[in-house]
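Q: For reference, the sequence and a predicted model appear below.
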Amino acid sequence: MKLPLDSDLLRTFLAVATTRNVTRAAEKIGRTQSAVSIQIKRLEEILGESVFERGSRGVTLTAQGQALLVNANRIVGLLDETMASIRAKPLDGPVRIGLPEEYGYTVLPRALAAFASQHPQVQVTVKCGYSAQQMTAIDADELDLAVIFEQESPATSEVLFVDPTVWVTSEVHCVHENTPVPVAVYERSDWCKKFAIGSLDKNKVNYRLAYSCDTGGGLKIAAVSGLAIAPLARSNIPQGCRELTEAEGFPPIDSSNVVLIRNPRKKSLAIDGMAKVIRDAFQPMGTVAL
């Protein structure tokens with residue numbers, strides 16, 4: 001019968017692996033040196049492998065110890081996260097969030113649903129819209145948090161990741177080969193005039209405005225259906241479409257920062273919790289390469 005591998009042994013192992021010294025590890029976890037040595041010996045007996053090589057200058061990890069280190073960190077981290085979740089007091093109060101449509105259907109729904117399930121007393125309100133609309137709402141004290149696109153990150157914001165805007169075309173219809181090229185744009189958008197149309201002018205592309213709308217979903221429809229090419233975030237290129245390349249005369253439009261803005265007038269644990277949820281939801285995306 002195999003002995004159980006409990007978390008206490010893993011924590012002692014991590015302390016020794018971090019300090020590379022039994023004496024310092026004992027001080028770190030508040031145990032005697034002999035108690036730490038006994039636990040490491042017990043761990044090695046359970047595993048049937050040595051996890052440390054002892055030397056005059058301390059200890060080093062064996063190959064088995066290196067393999068255990070990865071899993072031990074993961075297991076102890078999950079246990080700590082679970083315990084923190086259990087001990088955490090349920091949050092309450094309102095949280096008003098502004099999101100760009102691009103991520104309202106992809107990155108954040110599952111994270112928002114998990115937060116709402118864990119904290120049912122929090123009244124979450126979500127508003128989708130342009131970055132300019134979200135900033136206006138923050139200034140008017142109508143939002144607590146907003147995820148927006150920024151060319152240069154303001155001092156009061158937190159960069160979540162970088163998601164370049166590119167020209168997108170249908171893989172089937174290839175409308176980018178037309179002359180003039182039909183283009184889809186946001187209505188009443190200074191960004192479209194300055195950056196999207198500006199990139200076409202800069203690269204001397206012969207184009208015509210063929211489609212206008214108020215939403216990112218509308219731009220996707222234009223691209224998928226072959227009505228026009230459209231400026232879309234690289235992470236949001238729809239199925240059946242592809243990014244146009246610089247070799248084809250369409251370099252990336254910009255390298256927008258996706259940033260989290262906080263309303264400086266509003267502070268609460270619920271807002272802090274939601275900010276963490278948003279931050280964690282974007283973390284796996286990293287930086288979309290230029």
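A: Yes, it's here.
Q: Helix or strand with the lowest mean pLDDT in this structure?
A: Sorting the helices and strands of the chain by mean pLDDT, DSSP states H and E puts helix 101-104 at the bottom, at a mean of 76.
Q: Tell me the gap between the helix or strand just after that one and the middle of its chain.
A: Sequence-wise, the next helix or strand downstream of helix 101-104 (DSSP states H and E) is helix 109-118. Distance, stretch centre to chain centre, for helix 109-118: 15 Å (CA atoms, centre = their mean, to the nearest Å).
Q: again, but for stretch 173-188
A: On CA atoms, centre = their mean, the centre of stretch 173-188 falls 31 Å from the chain's centre.
Q: Now residue 169, what are its backbone angles?
A: Torsion angles at residue 169 (phi, psi; degrees, to the nearest 10) stand at phi -130, psi 160.
Q: surely it meets residue 178?
A: No - contact criterion CB atoms under 8 Å: residue 169 and residue 178 do not qualify, at 10.2 Å. Any C-beta I mention is one placed from the backbone N, CA and C, and that applies to glycine too.
Q: So between those two, which is more surrounded?
A: Of the pair residue 169 and residue 178, residue 169 is the one with more neighbours under other CB atoms under 10 Å, namely 24 against 16.
Q: how about the strands of the stretch 1-150 of the chain, start to end?
A: Applying DSSP state E, counting those that start in this stretch to the stretch 1-150 of the chain gives strands spanning 52-55, 58-61, 92-99, 121-128, 145-150.
Q: and the last one with strand 92-99, angle?
A: Think strand 145-150. On the basis of axes from the mean of the first three to the mean of the last three CA atoms, to 10 degrees, strand 145-150 is oriented at 20 degrees to strand 92-99.
Q: Sheet partners, orientation included, of strand 145-150?
A: Sheet pairing for strand 145-150, assigned by DSSP bridges, gives strand 92-99 (parallel), strand 257-262 (antiparallel).
Q: buried sites along the longest one?
A: When neighbours are counted by 16 or more other CB atoms under 10 Å, the buried residues of strand 92-99 are found to be 95-99.
Q: again with stretch 196-214
A: 196-197, 199-200, 205, 207, 210-213.
Q: could the strands paired with strand 145-150 be laid out in TSV, adding mean pLDDT and distance to residue 122?
A: Formatted as TSV, the strands paired with strand 145-150 follow (pLDDT from 0 to 100; distance: least, CB to CB, whole Å):
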stretch	mean pLDDT	distance to residue 122
strand 92-99	89	6
strand 257-262	89	16
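Q: coming back round to it: can you tell me which of the strands of the stretch 1-150 of the chain is most buried?
A: Ranked by mean neighbour count, the strands of the stretch 1-150 of the chain are led by strand 145-150 with a mean of 22 (mean count of other CB atoms under 10 Å).
Q: Helices of the stretch 101-250 of the chain, residue ranges please.
A: For the stretch 101-250 of the chain, the helices defined by DSSP state H, counting those that start in this stretch occupy 101-104, 109-118, 131-139, 190-191, 197-202, 216-225.
Q: where does residue 115 sit relative to residue 103, distance-wise?
A: 15 Å (CB to CB, to the nearest Å).
Q: so where's this structure shaky on pLDDT?
A: Within the chain, the ranges that satisfy pLDDT under 70 run 1-4, 84-90, 152-156, 284-290.
Q: From residue 21, how far out is the residue of it most remote from its centre?
A: Within the chain, residue 56 marks the point farthest from the mean C-alpha position, 44.5 Å out by CA atoms, centre = their mean. Using CB to CB, residue 56 is found at 12 Å from residue 21.
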